[in-house]
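Asker: Give the three-dimensional model of this entry:
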Amino acid sequence: TGRKCLFPDAEDKDNLRVWLRNPGPQHEKRTLFGDMVCFLFITPLATISGWLCLRGAVDHLHFSSRLEAVGLIALTVALFTIYLFWTLVSFRYHCRLYNEWRRTNQRVILLIPKSVNVPSNQKSLLGLHSVKRNSKETIV
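Answerer: Presented below is the predicted three-dimensional model:
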């Protein structure tokens with residue numbers, strides 16, 4: 001079973017926010033930032049380019065220039081194939097980094113039942129007197 005890169009509950013959304021603020025080593029931050037900028041820049045560019053190519057193909061079909069129309073359609077298919085491939089590879093890479101970060105950055109709280117008799121000097125060592133629950137921590 002593979003790990004999902006979907007964030008179904010509030011705890012995972014909190015983890016995602018923490019990871020986005022500090023995803024890891026400096027090169028991972030630069031890669032994430034670069035991919036986000038590229039995605040925001042390339043998405044409208046690819047959409048407009050594809051629309052223009054298809055519009056040109058339709059115009060060439062009306063003027064009986066089928067070879068040029070086929071060339072423009074092939075260019076549009078290649079453009080979107082490369083765009084989708086890059087988007088998928090980039091998304092999977094960052095999901096893998098996020099899942100690795102999640103696996104190695106877990107918070108765990110050990111709750112000891114109130115019925116356990118622990119001497120007061122051991123309670124302070126265990127930190128039982130000041131246990132707070134944080135939404136980002138896993139309760140075991």
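Asker: Pull out the buried positions in stretch 88-108.
Answerer: Ser90, His94, Leu97, Tyr98, Trp101, Arg102 (16 or more other C-beta atoms under 10 Å). Every C-beta, even on glycine, is put in place using the N, C-alpha and C of the backbone.
Asker: Now do the helices for the protein: every range, in order, please.
Answerer: 10-21, 26-62, 66-104, 120-126 (DSSP state H).
Asker: tilt between the longest one and helix 26-62?
Answerer: For helix 66-104 against helix 26-62, the angle by axes from the mean of the first three to the mean of the last three C-alpha atoms, to 10 degrees is 160 degrees.
Asker: chain center to helix 66-104, what's the gap?
Answerer: On the basis of C-alpha atoms, centre = their mean, to the nearest Å, helix 66-104 sits 15 Å off its chain's mean C-alpha point.
Asker: repeat for stretch 42-61
Answerer: Worked out by C-alpha atoms, centre = their mean, stretch 42-61 lies 29 Å from the chain centre.
Asker: any residues touching that stretch, and which ones?
Answerer: Arg66, Glu68, Ala69, Val70, Leu72, Ile73, Leu75, Thr76, Leu79, Phe80, Tyr83, Trp86 (C-beta atoms under 8 Å, 6 or more residues apart in numbering).
Asker: Can you turn the buried subset of those into a selection I can paste into PyMOL?
Answerer: Buried subset of those, written as a PyMOL selection, criterion 16+ other C-beta under 10 Å:
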select buried, resi 69+72+73+75+76+79+83
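Asker: from the contacts of stretch 42-61, which two are the most distant?
Answerer: Arg66 and Trp86 (30.4 Å; C-beta to C-beta).
Asker: what's the span of stretch 58-68, first residue to last?
Answerer: Chord length of stretch 58-68, first to last residue, is 10 Å (C-alpha to C-alpha, to the nearest Å).
Asker: just how off-centre is that stretch within its chain?
Answerer: With C-alpha atoms, centre = their mean, you get 42 Å for stretch 58-68.
Asker: Report the buried residues of it.
Answerer: Here stretch 58-68 shows His60 as buried, counting by 16+ other C-beta under 10 Å.
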